[in-house]
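# After the sequence you'll find the predicted model.
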Amino acid sequence: MAMKRNVCVVGVGLSDGPITPDLNQHQLIAQAFRRALTDAGMQKHEVEGLASAGYGGMHEVAVAEYLGLTPHWLESTSCGGSSFEFHIQHAYRAIQAGDVETVAVVYGNNQLSASGRTLGTGGGGGRGGPLPGPMKYEFPTGLTLVGAYAMAAQRHMYEFGTTPEQLASIAVQTREHAARNEGAMYRDLISIDDVMSSNLVADPLHKLDCCVISDGGCVVILTTQDRARDLRHKPVYIRGAAGGTTHHSINAMADMTRTAAAISGPRAFADAGIRPIDVDVFCAYDSFTYTVLVTLEDLGFVPKGEGGPFVADGNLRLGGVLPTNPDGGGLSNTHPGMRGLFLACEATRQLRGDGGASQVKGAEVAVCNGSGGWLSTQGTIVLSTEAS
Amino acid sequence: MSSPLADWSESPAWLAPIPTSDDREFWVGARNGELRIQRCGACGLHQHYARMLCSHCGADEIAFVVASGLGTIYSFTVIRKNGVPPFRERVPFVVASVQLDEPGARVLAAMPTTAIESVAIGARVRAQFRPVGDEFAFVDFALDSA
Ligand SMILES: [Zn+2]
C-alpha cells in the first residue's frame, strides 16, 4: 500500500465584504474562487473536487455549474457553521487516500443584504406546514437562536461562576483585533462596560456578545504536497481533523457546558500529534461569546470551568497565551450566515505570515474549531507550517 | 420592580401544532390537562418529544405515560428580543429547559405566568396547559407553589 499523502492548503480567497448589496451568493463564491485560484497559482480545470454548504437542495451542483466545474468528487455535508471543518476533514482524507487531487471548499452568502439582521432573533419559524422534529415544540415557546446559546451560557454561569463580564471580555479582545483589520465590519474599540450596557437580547447575552451579520464569500483550495511544490505560496499542511455532534435542538443538549468539541478536539490533536499547548493561533467559531468560552474548555486549552478567568486575563489577545481570531472574528469582522470556512482562511494567512497588522509572530500551529446549529455540531482542524 | 407579564392566552391559528402519528397523543393529552411523555419498557427511561424508538437504548418498547408534570429548571433564558409576532409583543418572557421528575425527559417550555425575576436554575416547576385551536394545547411551566 502506498504511503498516505500529505495534504495542504495552497490557495485562499475572500470576496468583497462585509456589505455587498449588489452581489448574490453565487457571485460572492465566484469572486472568492477567482481570488483563491490566483492566490494558489492554479488553473480552474485543476479543481476536480468541490465542497459546498449552502441552502436548498443540490446547491453544490448549482455552484459547480455556475463556476463551470465538472468535479468527480463532491461534498455537501450541511451541519451549520461547522460544515466547512467537516468538508476540510473529508477532503483531507480523500486527497490523502488518492481519491482526488485538488479540492475547492467554497461558501458565499448575502445574508445581511438579503435577510437583514433577523437571523438570531426570529424569522426562523414555521408559518405553514409542520415544523421538523423538535422545532415543533420549541418554536411555540418563542425561543430564538440567541436564546438557545444564552440558555447554555446561563448553565455555565450556574455551574462554574462564570460572569457576563468575563463573556464580554471575549468581545472586547476580538474587537481589538478587528481594529487592525481594514476590512472588518466594526473597528471602534469597545470596553466591557460597552458590552454590558448594550441591549440584552437573551439573558445573559447582550447585543455585543453576538456576532455581526454580514455578506461575504470565501474559498479554500487543498491539494497534495507534491502539487504544492511549484505553486505560489509555501503550503500550509492539514495535520489533523475530526468532527462530532451531540444534539440538534438546545433542549436535547445533555450537558449545556460541554460540546462535541470535547470529542473532536482530542481526536484532531491526536491525529496531528500535537497538544493544546503547542497551538499558536486559535480560530474559534464566535457566533456568540459563549461559543468561544465553551470550546476553549472543550478543546483543552483551559480546564473545564476555568474559561471565564482565562479570557478575563486577556489571554486571547495578540501576544497573549492563545491569540484568538486575529482577523476580528465573527464578533466584529464578518459572519455571513455561516463562518466556518473563514476560520481556515485566516489560519492559513497566519501560518504563511500574511496576517498583516494582526500577525501572530512566529505562528507554526493553528487550530480552527467550527460550531454549528445550537452548539450542535463541532469540527476541529489542525494546520501547521510543517508536514509532520 | 418586576416586569409586567404579557397575555399568552390567544395564539394565532398558524402557530397551532400539526400533529403526526407519533406525537398526536402528546398534543391531545395537553388539551386534557395531562403531560404525556414516552417511557421505554426496556430501560425504564423516558423521552420527550415522541419517537419510534427509545433514544436512550434503542428499544422499540415505547408507550405513552402520564407524567407528574413536576420538574426542575435545568437552565433558562429571558427572551428580550424576538422579531416574530406574536412573540414580538410578548417580550420579555422566560423560556426554560425543564428536567422532568421522570428520568430521561427534558421539556423546553415558556413560563408566561411566572414573574421573570423569580426564575432560577434548580427551581421546582409544574406543567400548565394553554389551549390552542379546538383540539390541542401547549405545555407551559410555572413555579411550583406546593
Ligand atoms: Zn430504552
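Ah, there it is. Residues are numbered from 1 along each chain as shown, chains lettered A, B, ... in the order given.
# Which parts of chain A are strands?
A:7-14, A:49-52, A:73-75, A:103-109, A:200-202, A:205-206, A:216-224, A:236-245, A:281-284, A:365-372, A:377-384 (DSSP state E).
# likewise chain B?
In order along the chain, chain B carries the following strands (DSSP E): B:36-40, B:46-47, B:62-66, B:70-79, B:93-100, B:106-110, B:124-132, B:136-143.
# Make JSON lines out of the ones you listed and add mean pLDDT.
Formatted as JSON lines, the strands of chain B follow (pLDDT from 0 to 100):
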{"stretch": "strand B:36-40", "mean pLDDT": "98"}
{"stretch": "strand B:46-47", "mean pLDDT": "98"}
{"stretch": "strand B:62-66", "mean pLDDT": "97"}
{"stretch": "strand B:70-79", "mean pLDDT": "98"}
{"stretch": "strand B:93-100", "mean pLDDT": "98"}
{"stretch": "strand B:106-110", "mean pLDDT": "98"}
{"stretch": "strand B:124-132", "mean pLDDT": "97"}
{"stretch": "strand B:136-143", "mean pLDDT": "97"}
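# so who does A:Asn110 touch?
Contacts for A:Asn110 were tallied using Cβ atoms under 8 Å, 6 or more residues apart in numbering or on different chains; they are A:Thr20, A:Pro21, A:Leu23, A:Asn24, A:Gln25, A:Leu28, A:Asp215, A:Pro336. The way it works is simple: take the backbone N, C-alpha and C, and place the C-beta from them, glycine included.
# Quick check: which of the strands of chain A is nearest to B:Met52?
B:Met52 sits nearest to strand A:236-245 of all the strands of chain A, at 20.0 Å, using Cβ to Cβ.
# and that closest one, how far from the chain's centre?
Between the mean C-alpha location of strand A:236-245 and the chain-wide mean there is a distance of 13 Å, by Cα atoms, centre = their mean, to the nearest Å.
# Quick one: work out the angle between that strand and strand A:216-224.
Angle of strand A:236-245 versus strand A:216-224, following axes from the mean of the first three to the mean of the last three Cα atoms, to 10 degrees, is 110 degrees.
# Direction included, what does strand A:236-245 pair up with?
In its sheet, strand A:236-245 lies beside strand A:7-14 (antiparallel), strand A:377-384 (antiparallel), with partners assigned from DSSP bridges.
# picking up where we left off before, of the strands of chain B, which is nearest A:Gly80?
The closest of these to A:Gly80 is strand B:106-110. By Cβ to Cβ, the value is 19.0 Å.
# wait, does that closest one contact chain A?
Yes: taking Cβ under 8 Å from any Cβ of the partner chain as the criterion, strand B:106-110 and chain A are in contact, through B:Arg106, B:Val107, B:Leu108, B:Ala109, B:Ala110.
# what are the pairing partners of that strand, and which direction each?
For strand B:106-110, the pairing partners within the sheet under DSSP bridges are strand B:93-100 (antiparallel).
# Next to the ion, which bits of chain B? Give me the list.
Along chain B, the residues adjacent to the ion under the rule Cβ under 5 Å from the ion are B:Cys40, B:Ala42, B:Cys43, B:Cys54, B:His56, B:Cys57, B:Ala59.
# dump the residue contacts of A:Ala150.
For A:Ala150, the set of contacting residues under the criterion of Cβ under 8 Å, 6+ apart consists of A:Val201, A:Ala202, A:Asp203, A:Pro204, A:Leu205, A:Phe288, A:Tyr290, B:Thr77.
# What pLDDT is listed against B:Ser118?
Listed pLDDT for B:Ser118 reads 96.
# who's the nearest residue to it once chain neighbours are set aside bridged to?
Counting by Cβ to Cβ, 6 or more residues apart in numbering or on different chains, B:Ser118 lies nearest to B:Leu143, which is 6.2 Å off, once chain neighbours are set aside. According to DSSP bridges, B:Val125 are recorded as the beta-bridge partners of B:Leu143.
# tally of neighbours for B:Leu143?
The criterion is other Cβ atoms under 10 Å in any protein chain shown. On that basis, B:Leu143 has 16 neighbouring residues.
# For the ion, see how far away it is.
In this structure, B:Leu143 lies at 31 Å from the ion, with Cβ to the ion, to the nearest Å as the measure.
# And A:Gly183, by the same measure?
As judged by Cβ to the ion, A:Gly183 and the ion stand 52 Å apart.
# can you pull the contacts of that residue?
Shown here is A:Gly183, whose contacts under the criterion Cβ under 8 Å, 6+ apart are A:Leu14, A:Gly17, A:Pro18, A:Asn333, A:Thr334.
# try 6 Å this time
With contacts defined as Cβ atoms under 6 Å, 6 or more residues apart in numbering or on different chains, A:Gly183 is in contact with no residue.
# for B:Ala120, same thing?
Under the criterion of Cβ under 6 Å, 6+ apart, B:Ala120 has no neighbours.
# and if you look at A:Thr118?
Contact analysis of A:Thr118 by Cβ under 6 Å, 6+ apart lists B:Gly83.
# Quick check: residues of chain B near chain A?
B:14-15, B:17-18, B:49, B:75, B:77-84, B:87, B:95, B:97, B:106, B:108-110, B:121, B:138 (Cβ under 6 Å from any Cβ of the partner chain).
# If you tally nearby residues, what's the number for A:Arg267?
15.
# swap in A:Asn333?
Counted with other Cβ under 10 Å, the neighbours of A:Asn333 add up to 31.
# Spatially nearest residue to it (excluding sequence neighbours)?
With Cβ to Cβ, 6+ apart, the residue lying closest to A:Asn333 is A:Ala184, at 4.2 Å.
# Quick check: phi and psi on the one you found?
Listed backbone geometry of A:Ala184 is phi -70, psi 150, with angles given as degrees, to the nearest 10.
# Make JSON lines out of the contacts of A:Ala150 and add neighbour count.
Supplementary listing: the contacts of A:Ala150 in JSON lines, determined by neighbours: other Cβ atoms under 10 Å in any protein chain shown:
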{"residue": "A:Val201", "neighbour count": "27"}
{"residue": "A:Ala202", "neighbour count": "31"}
{"residue": "A:Asp203", "neighbour count": "22"}
{"residue": "A:Pro204", "neighbour count": "23"}
{"residue": "A:Leu205", "neighbour count": "28"}
{"residue": "A:Phe288", "neighbour count": "30"}
{"residue": "A:Tyr290", "neighbour count": "28"}
{"residue": "B:Thr77", "neighbour count": "31"}
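# so who does A:Val212 touch?
Neighbouring residues of A:Val212 by Cβ under 6 Å, 6+ apart: A:Met185, A:His335.
# is it true that A:Phe310 touches A:Phe301?
No: using Cβ atoms under 6 Å, A:Phe310 makes no contact with A:Phe301, being 7.7 Å away.
# picking up where we left off before, tabulate the strands of chain B (JSON lines), appending distance to A:Cys283.
Formatted as JSON lines, the entries for the strands of chain B read as follows, by distance: least, Cβ to Cβ, whole Å:
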{"stretch": "strand B:36-40", "distance to A:Cys283": "41"}
{"stretch": "strand B:46-47", "distance to A:Cys283": "37"}
{"stretch": "strand B:62-66", "distance to A:Cys283": "43"}
{"stretch": "strand B:70-79", "distance to A:Cys283": "27"}
{"stretch": "strand B:93-100", "distance to A:Cys283": "30"}
{"stretch": "strand B:106-110", "distance to A:Cys283": "32"}
{"stretch": "strand B:124-132", "distance to A:Cys283": "40"}
{"stretch": "strand B:136-143", "distance to A:Cys283": "39"}
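# That concludes my questions; thank you for your assistance.
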